[in-house]
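>>> compute the structure for the input listed below.
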Amino acid sequence: MRKTGATAMCGSVNNRTRPAYAPAIRASVAPTRSAAAVLSEHESMVMMAIGYFQPVTRSELGKIFGKEVSRDTISALRGAGFVSSGPRSPTPGAPYTYVTTRHFLSAFGMETLRDLPDMEALEDAGLLSRHAVNTETLSVEPDDDELVE
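Numbers count the residues shown, from 1 in each chain. The predicted structure follows:
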């Protein structure tokens, strides 16, 4: 068995080491500043939202999560190389948009964004829900089934 192999990724061919040899390679390499990014759960969720809805502004991300997404979160994702600036939004003020990078695709073993899991499949697996609580649309009237006589 060969220790390396060519894989198609991000529209190009990459020479990669087989996963079985990863522990030996990590042990032989001195730590560097570009160690694997450690992302919080919130940063991972923001990165996922950018991947699915790109190009997306910080304001649009805030609407998705129901709270403001901080510049620090975006900065951490940019620092890890997963996110970069996209085209300016055509909305008033022309805010920056954010898109994922080739590094994002490569790090998660994808060739294109089409390789992202289907949102319906994630919902079926119970990993994602589109049912966000919006206080403006909540009804204060009880259903007929909930009335007690």
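
>>> strands along this protein, start to end?
Taking DSSP state E, the strands of the chain run over residues 4-9, 12-17, 56-57, 83-85, 97-100.

>>> flag every buried residue along the fourth one.
Right, strand 83-85. For strand 83-85, the buried set under the neighbour-count rule, 16 or more other C-beta atoms under 10 Å, comprises V83. C-beta: built from backbone N, CA, C; applies to glycine.

>>> sheet-wise, list the partners of that strand with their directions.
Counting by DSSP bridges, the strands paired with strand 83-85 are strand 97-100 (antiparallel).

>>> for the strand it pairs with, buried residues please.
Neighbour counts over strand 97-100 (16+ other C-beta under 10 Å) mark T97, Y98, V99, T100 as buried.

>>> same question for that strand, mean pLDDT?
Mean pLDDT, strand 97-100: 95.

>>> contact partners of that strand?
Outside of strand 97-100, the residues that reach it under the criterion C-beta atoms under 8 Å, 6 or more residues apart in numbering are 47, 50-51, 54-58, 61, 74, 77, 82-89, 113.

>>> try stretch 48-60
Applying C-beta under 8 Å, 6+ apart, the contact partners of stretch 48-60 are 61, 64-65, 68-69, 71, 74, 77, 83, 86-87, 89, 91, 95-100, 104, 113, 116, 119.

>>> now the top helix by length along the chain: buried residues?
Scanning the chain for the longest helix, with DSSP state H as the assignment, gives helix 41-53. Applying a neighbour-count criterion of 16+ other C-beta under 10 Å, one finds E43, M45, V46, M47, A49, I50, G51, Y52 buried in helix 41-53.

>>> which ones are touching the first one?
By C-beta under 8 Å, 6+ apart, E43 lies in contact with T73, A76, L77.
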